[in-house]
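In: Predicted coordinates and the sequence they were generated for:
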Amino acid sequence: MEFSNEHNELRRTMGNFIENEINPHVEEWEKDGQFPVRDVFKKMGELGLLGISKPESAGGLGLDYSYEMVAAEELGLITSGGITMAIGSQTNMATPALARFGSRELHEAFLTPAINGDYVGAIAVSEPHAGSDVAQLKTTAKKQGDDYVINGTKMWITSGISCDFYCLLANTSEGPTHKNKSLIIVPKNTPGVSVSEPIKKIGNVLSDTAQVYFDNVKVPQRYLIGEEGKGFIMQMMQFQEERLWCAASPLKGMERAINETIEYCQTRQAFGQPLIHNQVIHFKLAELQTEVELLRSLIYRATDLYIKGQDVTKLASMAKLKVGRLTRELHDACLQYWGGMGYTSENVAARGWLDGRLASIAGGADEIMLNIICKYMGTMPR
């Protein structure tokens, strides 16, 4: 994948925004347990950072997905994974299907405000009994006149509290589980929608996560995204963009952990010499940096093929699998070299481990990624 001046300008814009508008406030926001999502999103919207690959007709920049990957990689500069998660949920989880298949009315009512930073979106797929196994979700949307009447519960919904609308996957018929689902936009303020208290997580604390309940919620059938019964296929397509984003967004955060660990080990003395002089340490850090570069190359290759119209399900799944495991290994190793300082809440390695642990669960667990890879390899038992 080759980068143009436009790619580099996007990197600069995103990097400057993070340096000036986000990172100076992260420690204060972490202590408060929340960040001003609407203020941050509005500023990002004004810079065009929430609609990079979205159609120009809806207010987006109309760029290909390589620009989304550049932006995702720069988001790794944010020193709080929760903020990165909230942004990615808006740009690469809740809105891709809406942008690709949504009607002009849906674009005007929901996509354009999301691109401008006036609306916060949330993807509502997982349920208490159906996370990675999307086919087993139970939420229903039944026709009644010109409306859908929605009943069910969604779980682990990022921005579930702060959002304005949900991109909801629900069963709209009694047919086969891969053909009976549809994606529907549900405004959060619709009667019958209720939200739990924030779920207390061990990491990503600045992205609110909640359980959402739908009790005879009525929305117009025109809020359907694309064709009825095509929701599972659309969500699988959406997952590929989500998984590439999930793989790219931690890259620079992992590199930050390596570099700050090097600096600490250069100044920390133990047994008459800097810690970095221990071969086991500088060899391990070199190995981890190599792993990051290999992952970056895989992501770039998958992205290049994706924008050329090829199926990158296997490569995206490999990248998603690798980032989840690498972020655990890398931050755990760096934390060890910090000693007692690594076991403090504001340490770069500790925060990276806590925030990064989700990478092996959200957007498809490691085991699901292995299952997909095996299917593409032809090794699954029949």
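Out: Here it is on my side, so go on. Numbering: from 1, shown residues only.

In: Now residue 327: which helix or strand?
Out: helix 313-338 (DSSP states H and E).

In: List of residues touching the following helix or strand past that helix?
Out: The helix or strand immediately downstream of helix 313-338 is helix 348-356, counting by DSSP H and E. Outside helix 348-356, the residues that touch it by Cβ atoms under 8 Å, 6 or more residues apart in numbering are 79-82, 85, 202-204, 250, 253-254, 256-257, 260-261, 324, 327-328, 330-332, 334-335, 338, 342-345. Any C-beta I mention is one placed from the backbone N, CA and C, and that applies to glycine too.

In: if we can go back for a sec, so which bits of the helix holding residue 327 are buried?
Out: Neighbour-count burial for helix 313-338, with 16 or more other Cβ atoms under 10 Å as criterion, is recorded at 313-324, 326-328, 330-335, 337-338.

In: Would you mind giving the secondary structure of the closest residue to residue 321 other than its chain neighbours?
Out: Computed as Cβ to Cβ, 6 or more residues apart in numbering, the closest residue to residue 321 that is not its neighbour in sequence is residue 369, at 4.0 Å. Put simply, residue 369 is helix when judged by DSSP: H, G, I helix; E, B strand; the rest coil.

In: wait, isn't residue 369 in contact with residue 314?
Out: No. Residue 369 lies out of contact with residue 314 (Cβ atoms under 8 Å); the separation is 9.8 Å.

In: ok, which stretches of the stretch 151-300 of the chain are helices?
Out: Using DSSP state H, counting those that start in this stretch, the helices found in the stretch 151-300 of the chain span residues 231-248, 251-267, 279-307.

In: Can you tell me the number of residues neighbouring residue 136?
Out: Around residue 136 there are 11 other residues, counting by other Cβ atoms under 10 Å.

In: Now do the contacts for it.
Out: Residue 136 makes contact with 129-130, 177 under the criterion Cβ under 8 Å, 6+ apart.

In: how close does it get to residue 79?
Out: Here the criterion is Cβ to Cβ, to the nearest Å. By it, residue 136 lies 37 Å from residue 79.

In: same thing with residue 254?
Out: To residue 79, residue 254 is 13 Å away according to Cβ to Cβ.

In: hang on, residue 87 packs against residue 44?
Out: Yes. Counting by Cβ under 8 Å, residue 87 touches residue 44, with 7.2 Å between them.

In: Quickly list what's touching both of those two.
Out: residue 50.

In: How is residue 141 assigned, secondary-structure-wise?
Out: Assignment for residue 141 (three-state DSSP): strand.

In: my guess is it meets residue 166, correct?
Out: No. Residue 141 is beyond contact range of residue 166, at 11.9 Å (criterion: Cβ under 8 Å).

In: More neighbours: which of those two?
Out: A direct count of neighbours by other Cβ under 10 Å for residue 141 and residue 166 places residue 141 higher, at 30 against 27.

In: how about the more buried one, what does it touch?
Out: 148-150, 168, 170-172, 182, 184.

In: what bridges to it?
Out: residue 150 (DSSP bridges).

In: Next one: it relative to residue 126, how far apart?
Out: Residue 141 is 17 Å from residue 126, by Cβ to Cβ.

In: what about residue 157, how many neighbours?
Out: 25.

In: My guess is it contacts residue 120. True?
Out: No. Applying Cβ under 8 Å as the test, residue 157 and residue 120 come out as separate, 11.7 Å apart.

In: intersection of neighbour lists for the two?
Out: Counting by Cβ under 8 Å, 6+ apart, nothing touches both residue 157 and residue 120.

In: Run through the stretch 251-382 of the chain and note the low-pLDDT ranges.
Out: Counting by pLDDT under 70, the low-confidence segments of the stretch 251-382 of the chain come to 382.

In: how about the spatially most central residue of the chain, what does it touch?
Out: In the chain, the residue lying closest to the centroid (Cα atoms, centre = their mean) is residue 88, at 4.2 Å. Listed by Cβ under 8 Å, 6+ apart, the contact partners of residue 88 are 72, 75, 242, 245-246, 249.

In: if you skip the residues just before and after it, what's nearest to residue 269?
Out: Nearest to residue 269 is residue 275, by Cβ to Cβ, 6+ apart, at 7.6 Å.

In: I'd guessed that neighbour sits against residue 262; true?
Out: No. Counting by Cβ under 8 Å, residue 275 stays clear of residue 262, with 9.8 Å between them.

In: what about the strands in the stretch 1-150 of the chain?
Out: 121-124, 140-144, 147-158 (DSSP state E, counting those that start in this stretch).

In: who are the neighbours in contact with the residue nearest to residue 269?
Out: For residue 275, the contact set (Cβ under 8 Å, 6+ apart) comprises 264-266, 268-269, 281, 337.

In: The same query, at a cut-off of 7 Å, please.
Out: 265, 268, 281, 337 (Cβ atoms under 7 Å, 6 or more residues apart in numbering).

In: same check, this time on residue 303
Out: Residue 303 touches 1, 65-66, 69, 244, counting by Cβ under 7 Å, 6+ apart.

In: quick one: it from residue 64, how far?
Out: 9 Å.

In: Likewise for residue 296?
Out: Distance from residue 296 to residue 64, by Cβ to Cβ: 18 Å.

In: cool, residue 354 as well?
Out: Distance from residue 354 to residue 64, by Cβ to Cβ: 34 Å.

In: Could you do residue 241 as well?
Out: Counting by Cβ to Cβ - residue 241 and residue 64 are separated by 12 Å.

In: same deal with residue 31?
Out: 39 Å.

In: Mind checking which of these two has more residues around it?
Out: residue 64 (13 against 10).
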